[in-house]
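> pasting the sequence and the predicted model now:
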Amino acid sequence: MTLDHTWFSEIHPATGSAFSLKLEGELHAVRSPYQQIAVYATEGFGKLMAIDGYIMLTARDNFLYHEMMAHPALFTHPDPRRVLIVGGGDCGTLREVLRHPNVESAVQVDIDREVTQAAERYFPELCEANADPRAQLHFEDGLAWVKNAAPGSYDVIVVDSTDPIGPAEGLFAEPFFRDCHRALGEAGVLVQQSESPLFHLESILLPLHRNLRAAGFADARALHFPQCVYPSGWWTATLARKTGAVADFREADAAAKPFATQYYNAEIHRAALATPEFMRRALAGDS
């Protein structure tokens, strides 16, 4: 990351690329016990939150990520009532999960309270559901939380993590997915943010799929969606099921969803499951 008086630039030397946003000023900066958190005002994307110099979200386009992290997974499970969110400290995914009226409890476990405090102050629209009686916010280690969860505790687990470095590295590993598999009920669904297929296929997506298979998940598919502030502008969330096929979802319920969205709908859900040829070949060669 580089920062001058007018631009925030996230630079990726390994890919020879960068993404920049024009700034109006810095609003917040704090060093938590885990990471550096900053919030900026930008000229065209509203407020921006960065962690350790990497863009986490902007006010303009975060709905793409939060909707795709929540709704495909919940419409894939036949009756999602108990949801666990690992990470997700900005609370946008929690808000989307609690749009589903059949959800009875949504437990969010994020290690860093400072992220949520920054979101509550600068992105209050993301935190609208924090006071929902179905919501529980815990500031603890998500790895330990899942490891200690009783078998079959949750219907859906959403792993809304940062990049797989530092505190989030273990959230992409086979032992964690084995713990998730045990903590999920028989029809359990897991969704994990899984980076860019253009930049991270070999380093993250293929190992992620291997780890999910090794952990016992019956099927896993990547959901593709645009996210212009993330590296390459093309992002994925990987869906996995304990039983059944990821492609089978409650399409009629998704089409008749009783809440408004900005991006997600049943057609987007179906289309997002399509696998590009280069990725199909890589996954087939890796299996």
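Received it, and whenever you're ready, just let me know what you need.

> every contact and neighbour count from this point should use C-alpha atoms.
Will do.

> just the helices in this structure please.
Per DSSP state H, the chain carries helices over the ranges 62-76, 92-97, 113-122, 142-147, 174-183, 206-214, 251-255, 266-272, 277-286.

> so which of these gets nearest Gly16?
Smallest distance to Gly16 across the helices of the chain (Cα to Cα): 20.7 Å, for helix 277-286.

> tell me the mean pLDDT over that closest one?
Throughout helix 277-286, pLDDT has a mean value of 91.

> pick the most buried one from the helices of the chain.
helix 92-97 (a mean of 26; mean count of other Cα atoms under 10 Å).

> nearest spatial neighbour of Ile55, chain-adjacent residues omitted?
Leaving aside its sequence neighbours, Ile55 sits nearest to Met49 (Cα to Cα, 6 or more residues apart in numbering; 6.1 Å).

> residues contacting the one you found?
Met49 sits next to 37-40, 55-58 when contact means Cα atoms under 8 Å, 6 or more residues apart in numbering.

> could you do Leu206 as well?
Residues in contact with Leu206, defined by Cα under 8 Å, 6+ apart, are 282-283, 286.

> look up which residues are beta-bridged to the nearest residue to Gly25 once chain neighbours are set aside.
Spatially, and ignoring its direct neighbours in sequence, Gly25 is nearest to Ala41 (5.4 Å; Cα to Cα, 6+ apart). Note on Ala41: beta-bridge partners by DSSP bridges are Gly25, Lys47.

> picking up where we left off before, the helices of the chain: which one's closest to Pro231?
Within these, the stretch nearest Pro231 is helix 62-76; the backing value is 13.4 Å (Cα to Cα).

> nearest the geometric middle of the protein, what residue?
By Cα atoms, centre = their mean, the chain has its centre lying nearest to Asp160, at 3.3 Å.

> residue contacts, it?
69, 85-88, 93, 192-193.

> with Pro197 instead?
Taking Cα under 8 Å, 6+ apart, we find Pro197 in contact with 205, 234-236, 279.

> now Glu169
Contact analysis of Glu169 by Cα under 8 Å, 6+ apart lists Asp163.

> cool, and Gly244?
Neighbours of Gly244 in contact, by Cα under 8 Å, 6+ apart: 218-219.

> quick one: pLDDT of it?
Per the predicted model, pLDDT is 96 at Gly244.

> and it, how close does it get to Arg81?
Computed as Cα to Cα, to the nearest Å, the Gly244 to Arg81 distance reads 19 Å.

> what's the distance between the residue nearest to Gln35 when sequence neighbours are not counted and Gly16?
Leaving aside its chain neighbours, Gln35 sits nearest to Asp52 (6.0 Å; criterion: Cα to Cα, 6+ apart). Plainly put, Asp52 is 20 Å away from Gly16 if you go by Cα to Cα.

> looking at the two, which is more packed in?
More crowded of Asp52 and Gly16, by other Cα atoms under 10 Å: Asp52, with 13 against 7.

> need phi/psi at the more buried one.
Per-residue torsions, Asp52: phi 50, psi 40 (degrees, to the nearest 10).

> thinking again about what came up before, need the contacts of Leu206 in TSV (columns: distance to His77).
Listed next are the contacts of Leu206 as TSV, based on distance: Cα to Cα, whole Å:
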residue	distance to His77
Ala282	27
Leu283	24
Asp286	27
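
> which one of the residues you listed is nearest Tyr65?
Using Cα to Cα, Leu283 comes nearest to Tyr65 of the contacts of Leu206, at 23.5 Å.

> who's in contact with the residue nearest to Gly25?
Going by Cα under 8 Å, 6+ apart, Ala41 touches 23-27, 47-48.

> next one: Leu171
When contacts are counted by Cα under 8 Å, 6+ apart, Leu171 touches 143, 159, 161, 164, 177.

> ok, those vs Ala274, which is closest?
Using Cα to Cα, Val159 comes nearest to Ala274 of the contacts of Leu171, at 21.4 Å.

> please tell me how far Glu10 sits from Leu201.
According to Cα to Cα, Glu10 stands 20 Å off from Leu201.

> compare those two (neighbour count), which wins?
Glu10 (21 against 18).
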